[in-house]
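> No sequence on hand, only this structure:
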């Protein structure tokens, strides 16, 4: 409450918040401008799995094929690719990473250029792949489809620009906030789909029970995600040469925090994408009608609702959780940084033993976090078992993103207000 009071008393912070809200309004308007008027690629009840995730992250603009149907997705994909290439795969990028602020600018520019290329490839693949639907609305030529593809690419570039504006002049991380606002935009329709049929004469008591259980499940997820996203494993540190004033204040030691879920929602998105792309492709080529046996075999492997597919889905989540966590936190680099700062873990020697200890703690913590991700990612299956609407298929993943970004943004606002308060005091 005290922080909220300081925010309203701080004109600069209020300007940043209002600017961010203005960008949200611009983004919402863009989601309502269709690239091809009258197109509806799928109904809300069909927006499940991989397609459902992409549609939700884009603020339900993929379904109507708006000019920003790709959302911020190409930029996120590009960022992850560049992060992977920085791991000494391309020496030049590794050098840029170590060049400080100038290197960051080069990597940021490369990320944007790569995002445009990815957006172009995605827009062409989507537009030509779904040409039968778009043909029905008058785009019957190659040039017409290319025009639509270029429009989607320009929309993705515009969204990247909006994200940069938020990061520079607003509050929070622009890309994360645009994904979050896209999810929030789609929430009302999901809730509407849940309660749409309760007023009909054919409704029985079971329908009200299912709706109630779904709402209860939603609040349980919300409480659980808030708790888990704030959970950390702290590794106690001590400093051998802290200045005298720190020791006088009782600050001769500190800790190195490791989040329970350091990878965030990325493993779930990657796993759902790898599982969903094959099913999406075979659905568009009509394999389910021409080769029923092959389709059923592929469905058992790539559908998370099948036993084999679910096992593959869980394995992928565990793999990406471990991989992406160690991509973000390099135990060897952490051990070197601690050694350079004359910090050490009690009863653990500096250097190699510290690296091994951090690796072990990080691996064990990540396994626990991966179990948490599997539980959240499995909630759609649980919802289906109780008969919940398929419109809430990705509720758990969406809530994880919204809660994580909300906590991060609130912390930044609190820090900004606190810093300005201290600056004024000085």
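Received it, and whenever you're ready, just let me know what you need. Computed from a prediction, not measured in an experiment: that's the story for all the values here.
> Could you report the distance from residue 84 to residue 326?
According to C-beta to C-beta, to the nearest Å, residue 84 and residue 326 sit 12 Å apart. No exception for glycine: its C-beta is placed from N, CA and C like everyone else's.
> which one of these two has more residues nearby?
Neighbour totals were compared for residue 84 and residue 326, and residue 326 leads with 17 against 14 (other C-beta atoms under 10 Å).
> can you tell me how far that one sits from residue 362?
Taking C-beta to C-beta, one finds residue 326 at 7 Å from residue 362.
> now residue 164, nearest residue through space, not along the chain?
Nearest non-adjacent residue to residue 164, counting by C-beta to C-beta, 6 or more residues apart in numbering: residue 174, 6.0 Å away.
> So what does the one you found look like in phi/psi?
Backbone torsions for residue 174, taken as degrees, to the nearest 10, come to phi -60, psi -50.
> Please look at it and residue 166 and confirm they touch.
Yes: using C-beta atoms under 8 Å, residue 174 is in contact with residue 166, at 3.4 Å.
> Could you tell me which residues touch both of these two?
Taking C-beta atoms under 8 Å, 6 or more residues apart in numbering as the criterion, residue 174 and residue 166 both touch residue 23.
> so how far is residue 231 from residue 410?
Taken as C-beta to C-beta, the span from residue 410 to residue 231 is 17 Å.
> the bottom helix or strand of this structure by mean pLDDT?
The helix or strand of the chain with the poorest confidence is helix 244-248; it has a mean of 48 (mean pLDDT, DSSP states H and E).
> tally of neighbours for the nearest residue to residue 97 once chain neighbours are set aside?
Once flanking residues are discounted, residue 97 sits nearest to residue 86: 4.9 Å by C-beta to C-beta, 6+ apart. Look at residue 86: counted by other C-beta under 10 Å, it has 19 neighbours.
> cool, residue 181 as well?
22.
> Show me this structure divided up by domain.
The chain breaks down by automatic domain parsing into domains covering 17-196, 205-393.
> now the longest one, how far from the centre of its chain.
If you compare the mean C-alpha spot of domain 205-393 with that of the full chain, they lie 12 Å apart, counting by C-alpha atoms, centre = their mean, to the nearest Å.
> I'd like the numbering to begin with 63 instead of 1 from here.
All set: I'll call the first residue 63, so the last point we hit is now domain 267-455.
> Tell me, how many residues neighbour residue 383?
Neighbours around residue 383, by other C-beta under 10 Å: 28.
> Show me where the protein has its strands.
294-301, 315-321, 405-406 (DSSP state E).
> could you dump those to JSON lines with mean pLDDT and mean neighbour count?
Output for the strands of the chain, formatted as JSON lines (pLDDT from 0 to 100; neighbours: other C-beta atoms under 10 Å):
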{"stretch": "strand 294-301", "mean pLDDT": "85", "mean neighbour count": "15"}
{"stretch": "strand 315-321", "mean pLDDT": "80", "mean neighbour count": "16"}
{"stretch": "strand 405-406", "mean pLDDT": "84", "mean neighbour count": "19"}
